[in-house]
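Trainee: Coordinates for the following, if possible.
(2 chains)
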There are 2 protein chains.
Amino acid sequence: MIFKQLFDPLSSTYTYLLGCESTGEAMLIDPVIATLERDLAELDKLGLKLAYSVDTHIHADHITSARELKRRTGSRIANPGVDHLPCADVHLEEGKDLTLGSLNLQALHTPGHTDGHFAYRLGDRVFTGDALLIDGCGRTDFQNGNAADLYRSIHGKLFTLPDETLVYPGHDYQQRQVSSIGQEKLRNPRVGMDKTQADFEAIMANLNLPYPKFIDYAVPGNRQCGVCPTDLPEQLEQYCGRMTESVQG
Amino acid sequence: MIFKQLFDPLSSTYTYLLGCESTGEAMLIDPVIATLERDLAELDKLGLKLAYSVDTHIHADHITSARELKRRTGSRIANPGVDHLPCADVHLEEGKDLTLGSLNLQALHTPGHTDGHFAYRLGDRVFTGDALLIDGCGRTDFQNGNAADLYRSIHGKLFTLPDETLVYPGHDYQQRQVSSIGQEKLRNPRVGMDKTQADFEAIMANLNLPYPKFIDYAVPGNRQCGVCPTDLPEQLEQYCGRMTESVQG
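Mentor: Presented below is the predicted three-dimensional model:
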């Protein structure tokens, strides 16, 4: 398998490029519109044809490049079926794998950060989106998020994978890139094995996080598989890969 | 590949079990004498026959179980050739791979923690022993350790591997289990890409670490591929997997 972990510094999002050596086809998990050109260049450099973009959930902090990737490469848009996005070509469901050459992506419904959130397992790796982060997890206070659901997704589903399973998160804010299920069970301070559901719910209820600055644009844009609004405030233009003169200067 | 990451809590050592599914053979990297029975039980549970034990270096904090594993299973002892241990069956050298079924272990001479230290690369994983740890590195103040050598081993050899290469360290003291070359380049506070050789040498010269409590027993024991001394102080008996009544009580 060809594997690249790509980073968008603006939203601290990881995009994962998975390529099949025998067919020369690839998929991108959680591609970001601001890094569209970089991702296309990466595919080109590796000589891969994009077959699918796959999102873990309706993101609130960046806009997916799924729609633009489809326009530019002919790739198909795969999304959690629970979200019923009319723009998606493939509606992923638990129990149905997304297969591409030698790559077999197992879809795991992991609600809690959002109700439609999916993680994707591929062999000894799991792409956990915002359900499980390294030493953390996604917030649960918007988009039908629910701490009890997230606890059950993590303890009841992700933590039942073998300990050596590699955890590739949807974000990291401290430049960490990879963990393992065993590591998160042992030392995740929010949701490790030493935490009960009540502990976790109390932690999540008291995070006092600020309202996400891009959510009002990101969510409607992502519900259309990646449409950037034309009326963005100037300081947010870079989230759509657009640089205004004043930002550039 | 069958892969298990095993932990010895006494010396915080990771032992890696690598098994070939097609031949049913296995190797253990850095096995610890105190966890001998656990490791044998693990091999048994997985239905694997141990073909090799492979040490990264002459350890100062634990005794290898290489000799006992050979006695109990008929496995062969593979060691860095630089150390010229008469008890080793295979003297590993850079440029010569150790092959076992589908497993191909590439030996990388990475001096600095000790002068004979080797790391082992297998596909997209590298077992870094005590050369490179997660957010750290092994000390360089005994066993012909040398900070300049270690810097060159890390920057000139390990950091030339692809960023996505998984780093499996010889120890971790905070329950972290896995990192990547990209992550260590970005955020290793001692030896990341932002550190010059002079920076690193200054850091290593000022660690003021205590004299290792087991070194005077471990080094001669490991130079014999894993012999436990009979004259251990009572409080160190557990390092040889022996529990005295007073320790048990």
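Trainee: got the residues of chain A near chain B?
Mentor: Within chain A, the residues that sit near chain B (Cβ under 8 Å from any Cβ of the partner chain) are A:3-5, A:124, A:163-164, A:166, A:174-180, A:182-183, A:186-187. Using the backbone N, CA and C atoms, a C-beta is placed for each residue, glycine as well.
Trainee: Could you list which of these belong to helices?
Mentor: Those of the residues of chain A next to chain B mapping onto helices are A:G182, A:Q183, A:L186, A:R187, per DSSP state H.
Trainee: In three-state terms, label A:L18 for me.
Mentor: Here A:L18 takes the strand state, with states given by DSSP: H, G, I helix; E, B strand; the rest coil.
Trainee: Now do the same contact list for it.
Mentor: A:M1, A:I2, A:F3, A:A26, A:M27, A:L28, A:I29, A:L100, A:L103, A:L105, A:L122 (Cβ atoms under 8 Å, 6 or more residues apart in numbering or on different chains).
Trainee: now swap in A:A107 and tell me
Mentor: A:P80, A:L92, A:E93, A:E94, A:G95, A:K96, A:D97, A:L98, A:F118, A:Y120.
Trainee: picking up where we left off before, give me the ChimeraX select line for the contacts of A:L18, limited to the buried ones.
Mentor: Burial among the contacts of A:L18 is assessed by 16 or more other Cβ atoms under 10 Å in any protein chain shown; the matching ChimeraX selection reads:
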select /A:26,27,28,29,100,103,105,122
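Trainee: Pick the one among the contacts of A:L18 closest to chain B.
Mentor: A:F3 (5.5 Å; Cβ to the nearest Cβ).
Trainee: Quick one: residues contacting that closest one.
Mentor: Contacts were defined as Cβ under 8 Å, 6+ apart; by that measure A:F3 touches A:Y16, A:L17, A:L18, A:G19, B:D124, B:E164.
Trainee: and it, how far is that from B:G226?
Mentor: Distance of A:F3 to B:G226, given as Cβ to Cβ, to the nearest Å: 37 Å.
Trainee: Any idea what A:S180 is bridged to?
Mentor: Per DSSP bridges, the residues bridged to A:S180 are A:L166.
Trainee: Look at A:I154 and tell me its secondary structure.
Mentor: Taking three-state DSSP, the label given to A:I154 is helix.
Trainee: close enough to count as contact, it and A:G192?
Mentor: No - counting by Cβ atoms under 8 Å, A:I154 stays clear of A:G192, with 9.5 Å between them.
Trainee: out of those two, which sits in the busier spot?
Mentor: Counted by other Cβ atoms under 10 Å in any protein chain shown, A:I154 and A:G192 do not tie: A:I154 has more neighbours, with 27 against 19.
Trainee: Run through the bridge partners of A:L122.
Mentor: Here A:L122, judged by DSSP bridges, has bridge partners A:R125.
Trainee: wait, doesn't it sit right on A:N104?
Mentor: Yes - taking Cβ under 8 Å as the definition, A:L122 is a contact partner of A:N104 at 6.7 Å.
Trainee: Report whether A:C228 is found in a helix, as I expect.
Mentor: No - counting by three-state DSSP, A:C228 falls outside a helix, being coil.
Trainee: So what does the closest residue to it other than its chain neighbours look like in phi/psi?
Mentor: The shortest distance from A:C228 to any non-neighbouring residue, by Cβ to Cβ, 6 or more residues apart in numbering or on different chains, is to A:C240 (3.8 Å). Per-residue torsions, A:C240: phi -100, psi 20 (degrees, to the nearest 10).
Trainee: give me the number of residues near A:C240?
Mentor: Neighbours of A:C240 (other Cβ under 10 Å): 20.
Trainee: How much space separates it from chain B?
Mentor: 26 Å (Cβ to the nearest Cβ, to the nearest Å).
Trainee: what pLDDT does A:G123 get?
Mentor: What the model reports as pLDDT for A:G123 is 97.
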